[in-house]
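# Quick one, structure for this:
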Amino acid sequence: MGRELNLDDPKCFSEKINWRMIYDNHPVYTELSDKYLVREWVKRKIGEEYLVPLFGVWDSFDEIDFDALPDAFVLKTNNGSGTNIIVSDKRQLNRKTAKGWIDLWMKYPYSIMGYEGHYDQMKPRVIAEELLKPEPGQEDISDYKFLCFDGRPYYCWVDVDRRHGHKRNLYDIDWNEQNWQFNTCFPRAGRNIPRPRNYDRMVEIVRKLCAGFAHVRVDLYNIDGKIYFGEMTFTTGNGLEKCEPDEMDYELGKLWDIHKPQVDERVVNG
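Below is the predicted model of the structure:
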């Protein structure tokens, strides 16, 4: 970021993410960052219909019954981010290579990548989910990521073209495109991303999922009007994603009060 990290009195968003990784390790972060365990919580909060269909869960790659799986699916580990293998045709899957990756992801703690210690407490598993297909005319599905503070969503960034030239547009909660960027590695899409026709329902879902948290990011997919839960993220970018202009790092930091309880357990577990 070009400045000294202030953990004694953090002001900006990136500093507060680093503060959380060191000082705020509530057990619920582990439960809800676990891509398998979070499903039960989401089912209770908003309903099973928002979950990506699950084909199976196993303790090791060797336990997977590929004959019982459909032709297309996604393999992923529960205990990390980006630990996915997209299988468009299982006849073309190199199982030896896939096993190598899955075994590696399950063996080594994801936290060694960026000190996100709540991942260490997860029991490693491998799961298979339905492969979501993009809408006609799109190469990939859009990923809607809502930045939430004190139980309220403030911004939504949309990741597009993730397989070919990852791009990102950022909007406020009323779908006004913003002139600042979160993570300058990803350029803007260079086009307007239409507001989903059931966007208000997405916001309603996010409000239910972020309630009781001082800060969390809630990710959703929306494919031809069908909304799916993506993930809950408590340490976005492990505090290393740069805002442009830098002033927005401080503006986001103002929305996050680290001097209050970070989790209202009555709300979160209610």
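# partner residues bridging the nearest residue to Gln138 once chain neighbours are set aside?
Distances taken as CB to CB, 6 or more residues apart in numbering place Val160 nearest to Gln138, at 8.0 Å, with adjacent residues excluded. (C-beta placed from N, C-alpha, C; glycine too.) Beta-bridge partners recorded for Val160 (DSSP bridges): Lys167.
# any idea how far Asp143 is from Val160?
Relative to Asp143, Val160 is positioned 8 Å away (CB to CB, to the nearest Å).
# Could you do Leu132 as well?
Leu132 is 10 Å from Asp143, by CB to CB.
# Which one's more surrounded, Val160 and Asp143?
Legend: neighbour count by other CB atoms under 10 Å for Val160 and Asp143, higher for Val160 (20 against 17).
# Please list all residues in contact with that one.
With contacts defined as CB atoms under 8 Å, 6 or more residues apart in numbering, Val160 is in contact with Gln138, Asp140, Ser142, Asp143, His166, Lys167, Arg168, Asn169, Ala189, Ile193.
# and those residues, which two are the farthest apart?
Gln138 and Arg168 (15.4 Å; CB to CB).
# neighbour-wise, which of the two wins?
Arg168 (22 against 12).
# number of nearby residues for the closest residue to the more buried one other than its chain neighbours?
Leaving aside its chain neighbours, Arg168 sits nearest to Phe186 (4.1 Å; criterion: CB to CB, 6+ apart). Using other CB under 10 Å, Phe186 has 20 other residues around it.
# Could you tell me whether Phe186 really is in a helix?
No - Phe186 is assigned coil when assessed by DSSP: H, G, I helix; E, B strand; the rest coil, not a helix.
# ok, so what distance separates it from Trp105?
Noted for Phe186: a distance of 23 Å to Trp105, by CB to CB.
# intersection of neighbour lists for Leu132 and Asp143?
The overlap between the contact sets of Leu132 and Asp143 (CB under 8 Å, 6+ apart) consists of Tyr221.
# In contact with Asn78, which residues?
Going by CB under 8 Å, 6+ apart, Asn78 touches Asp34, Lys35, Tyr36, Leu37, Val57, Met122, Pro124, Arg125, Val126, Ile127.
# helix/strand/coil for the last one?
Using three-state DSSP, the structure places Ile127 in strand.
# Spatially, what comes nearest to it if we skip its sequence neighbours?
The shortest distance from Ile127 to any non-neighbouring residue, by CB to CB, 6+ apart, is to Val57 (4.7 Å).
# Please point out which parts of the helix or strand in which the one you found is found sit buried.
Val57 is part of strand 54-58 when elements are defined by DSSP states H and E. Buried residues in strand 54-58, counted by 16 or more other CB atoms under 10 Å: Phe55, Val57.
# Distance from that strand to the middle of the chain?
From the chain centre to the centre of strand 54-58 is a distance of 20 Å (CA atoms, centre = their mean, to the nearest Å).
# Quick check: what element follows that strand along the chain?
The first helix or strand that comes after strand 54-58 along the chain, using DSSP H and E, is strand 73-77.
# can you give me the helices in this structure?
With DSSP state H as the criterion, the chain has helices at 13-23, 27-33, 38-45, 95-107, 199-210, 247-254, 265-268.
# Between those helices, which one is closest to Phe234.
So among the helices of the chain, helix 27-33 is nearest, using CB to CB, at 4.6 Å.
# Where does the prediction get shaky in the protein?
Within the chain, the stretches with pLDDT under 70 are 112-114, 162-163.
# In it, which residue sits furthest out from the middle?
Asp67 (29.9 Å; CA atoms, centre = their mean).
# wait, what's in contact with Val42?
Tyr50, Leu51, Leu209, Phe229.
# switch to 10 Å and redo it
Applying CB atoms under 10 Å, 6 or more residues apart in numbering, one finds that Val42 lies in contact with Leu32, Glu48, Tyr50, Leu51, Ile205, Lys208, Leu209, Phe229, Glu231, Met232.
# Can you lay out those as JSON lines showing neighbour count?
Shown next, in JSON lines, are the contacts of Val42 (neighbours: other CB atoms under 10 Å):
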{"residue": "Leu32", "neighbour count": "22"}
{"residue": "Glu48", "neighbour count": "11"}
{"residue": "Tyr50", "neighbour count": "18"}
{"residue": "Leu51", "neighbour count": "17"}
{"residue": "Ile205", "neighbour count": "22"}
{"residue": "Lys208", "neighbour count": "13"}
{"residue": "Leu209", "neighbour count": "27"}
{"residue": "Phe229", "neighbour count": "23"}
{"residue": "Glu231", "neighbour count": "17"}
{"residue": "Met232", "neighbour count": "23"}
